[in-house]
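Visitor: Fold the stuff below for me.
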Amino acid sequence: YQTVLAHTRWASVGAINEPNCHPVDNNAAGDAATKSGIIHVCLNGDIDNYQELKKEYERRGSTIHEDITTDTKIIPLWIEKYILEGHKVEEAFRLAVSDFEGSHAISMHTDLAPGRFFLAQKGSGQAIFVGIAEDHLIPTSEVYGLVEETPFFLKMDGEKEVEGKSGKTQGQIFILN
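Guide: Predicted structure coming up:
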């Protein structure tokens with residue numbers, strides 16, 4: 001199985017530079033080392049509580065390379081935090097996404113779950129569509145990214161509310177195989 005993750009985004013948080021380019025990984029130091037497997041993430045939207053989460057991440061003794069200023073960076077690091085606490089990838093993704101505030105669409109793939117895409121949408125400022133073909137799936141933020149390739153699609157609902165453990169929760173998570 002193969003997954004490909006790509007995204008073009010004008011930075012709304014952080015400088016428009018190479019260290020902030022998507023996909024962003026869980027390598028905090030800017031070198032080749034990670035504490036777990038490789039996690040790649042793309043974001044459309046904003047993580048409104050990025051500074052708060054970054055401070056908590058750094059209080060734990062880790063630092064993010066000074067050239068990396070995008071809010072997207074906290075996503076794979078936060079997922080990795082839950083993986084290192086012993087959670088499976090699916091649960092680590094769900095727990096991390098539930099910690100993020102703001103309106104956003106997130107896509108992730110990792111070598112810890114080959115052939116799988118993890119998608120999350122919260123709020124209405126962004127969209128995620130999943131094109132469905134006989135032998136492949138195409139997640140995209142715009143319908144025109146899939147209409148010529150797949151005959152069917154689903155649209156995630158970032159406004160959907162359900163009762164969670166601590167009250168109402170908003171958005172959806174899809175895990176594609």
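Visitor: tell me the contacts of the most centrally placed residue in the chain?
Guide: Central residue of the chain (Cα atoms, centre = their mean): Ile106, 3.5 Å from the mean position. Ile106 makes contacts with 41-43, 75, 97, 100, 118-121, as judged by Cβ atoms under 8 Å, 6 or more residues apart in numbering. To be clear about C-beta, it is placed using only N, CA and C from the backbone, and glycine gets the same treatment.
Visitor: That one: which element?
Guide: If you go by DSSP states H and E, Ile106 is part of strand 104-110.
Visitor: cool, Glu91 as well?
Guide: Going by DSSP H and E, Glu91 is part of helix 89-99.
Visitor: Any buried residues in that helix, and which?
Guide: 89, 92-99 (16 or more other Cβ atoms under 10 Å).
Visitor: just the strands in the chain please.
Guide: All strands of the chain, identified by DSSP state E, fall at 24-25, 39-45, 104-110, 117-122, 129-132, 137-140, 152-155, 161-164, 167-170, 172-176.
Visitor: Can you show me the CA trace of stretch 90-101 as CSV?
Guide: Extracted in CSV, the C-alpha atoms of stretch 90-101 (Å, rounded to 0.1, in the frame of the first residue of the first chain):
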residue,chain,number,x,y,z
GLU,A,90,-5.6,5.7,16.1
GLU,A,91,-6.2,6.7,19.7
ALA,A,92,-3.1,9.0,19.7
PHE,A,93,-4.5,10.8,16.6
ARG,A,94,-8.0,11.2,18.2
LEU,A,95,-6.6,12.4,21.6
ALA,A,96,-4.3,14.9,19.9
VAL,A,97,-7.0,16.3,17.6
SER,A,98,-9.4,16.7,20.6
ASP,A,99,-6.7,19.0,22.2
PHE,A,100,-6.6,21.4,19.2
GLU,A,101,-8.7,24.5,19.3
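Visitor: Give me the distance from it to the chain's centre.
Guide: Mean C-alpha position of stretch 90-101 versus that of the full chain (Cα atoms, centre = their mean, to the nearest Å) differs by 9 Å.
Visitor: do the same with stretch 26-43
Guide: Averaged C-alpha coordinates place stretch 26-43 at 13 Å from its chain's average position (Cα atoms, centre = their mean).
Visitor: Can you mark which positions in that stretch are buried?
Guide: Neighbour counts over stretch 26-43 (16+ other Cβ under 10 Å) mark 26-28, 34, 36, 39-43 as buried.
Visitor: that older thread, tell me what the residue nearest to the centre of the chain is bridged to.
Guide: Leu43, Ala120 (DSSP bridges).
Visitor: Dump the strands of the chain to CSV, plus distance to Tyr82 and mean pLDDT.
Guide: Putting the strands of the chain into CSV (distance: least, Cβ to Cβ, whole Å; pLDDT from 0 to 100) gives the following:
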stretch, distance to Tyr82, mean pLDDT
strand 24-25, 16, 90
strand 39-45, 11, 93
strand 104-110, 12, 95
strand 117-122, 13, 96
strand 129-132, 24, 94
strand 137-140, 22, 91
strand 152-155, 26, 94
strand 161-164, 17, 82
strand 167-170, 17, 84
strand 172-176, 14, 95
